[in-house]
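# okay, sequence plus prediction incoming.
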Amino acid sequence: MIPDKNLFIVTSSLKPSIGAFNHEERFQQTIDTLESIRKRIPEAIVFFTDVSTKPVSDLEKQKISSLCNAYLDMSDEPNTKYCAINGLKSHGENCLMFATILTIKQNPQLSKILNETKRIFKFSARSELDDNFDITQYDNLFGKYVFKKRIPTWTNNVVHGADHLFITRMFSFCPSLLDSYLLVLQNNLNLLSNGVQDTEHAHFVNIPKEYLIEFETLGCWGWLAGNGQIEHY
């Protein structure tokens, strides 16, 4: 069988320790995220993965589950939980993706879906696909990562070659790179503990450039957690 599905891993923190929006706003923004995927790619497979520092109600979980194929609650995963409680946003994002991918690989039902998948998208909750998003741009990109075109660093303190950054709100990779990306995540955590500013700079350093394609625009926008502003990508 030829893989023909697009898998979206939607990373979330419905109830974080920090942020500009209250829980009701974050929840509605998250619902809007999932609905935007269903609108643009109705046949997409959606795995929702969340780390929250406070309990999420059963009713909220049911609402989210109705819009996705799997709800992965990572709130008790030790490393991810530690980062969430202590406000370590960049560390937490990498730990969440690492734990999520391992869970998918180790769960027979979820890993079976990988055999049907031609592309994996990482998509941050509280983002939306817009009219410029074109799924056909990702056709015939076997063995490639896709990020928005690199951006020069905003800091004067360049360490470990992090003179640019990659937007990590949305990016994608071929399933053949799954183990490669697990190594990227591990290397990112090392850099974050050794002076690199954030996950965006760490991704730039560690994504293998020989497998990289950069798009001018991705066709999405999202809320910034720190100040509540909207950015388009």
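That came in fine, so what should we check first? Please read all numbers here as calculations on a predicted model, not as lab measurements. Residues are numbered from 1 along each chain as shown.
# buried residues in stretch 70-83?
70-72, 74-75, 77, 79-81, 83 (16 or more other Cβ atoms under 10 Å). C-beta coordinates here come from the backbone N, C-alpha and C atoms, glycine included.
# packing partners of the helix or strand residue 214 falls within?
Secondary structure assignment for residue 214, by DSSP states H and E: strand 212-215. On a contact count with 3 or more Cβ pairs under 8 Å, 6 or more residues apart in numbering; DSSP states H and E, strand 212-215 meets strand 145-148.
# mean confidence for the strand it packs on?
Over the span of strand 145-148, the pLDDT mean works out to 98.
# how much distance is there from the following helix or strand past that strand to the middle of the chain?
Past strand 145-148, further along toward the C-terminus, the next helix or strand under DSSP H and E is strand 151-152. Mean-position distance between strand 151-152 and its chain equals 20 Å (Cα atoms, centre = their mean, to the nearest Å).
# do stretch 69-77 as well
On Cα atoms, centre = their mean, the centre of stretch 69-77 falls 14 Å from the chain's centre.
# could you tell me the end-to-end distance of it?
This stretch, stretch 69-77, spans 21 Å end to end (Cα to Cα, to the nearest Å).
# residues in contact with it?
45-53, 56, 61, 64-65, 80-81, 84, 95-96, 99-100, 103, 110, 113 (Cβ atoms under 8 Å, 6 or more residues apart in numbering).
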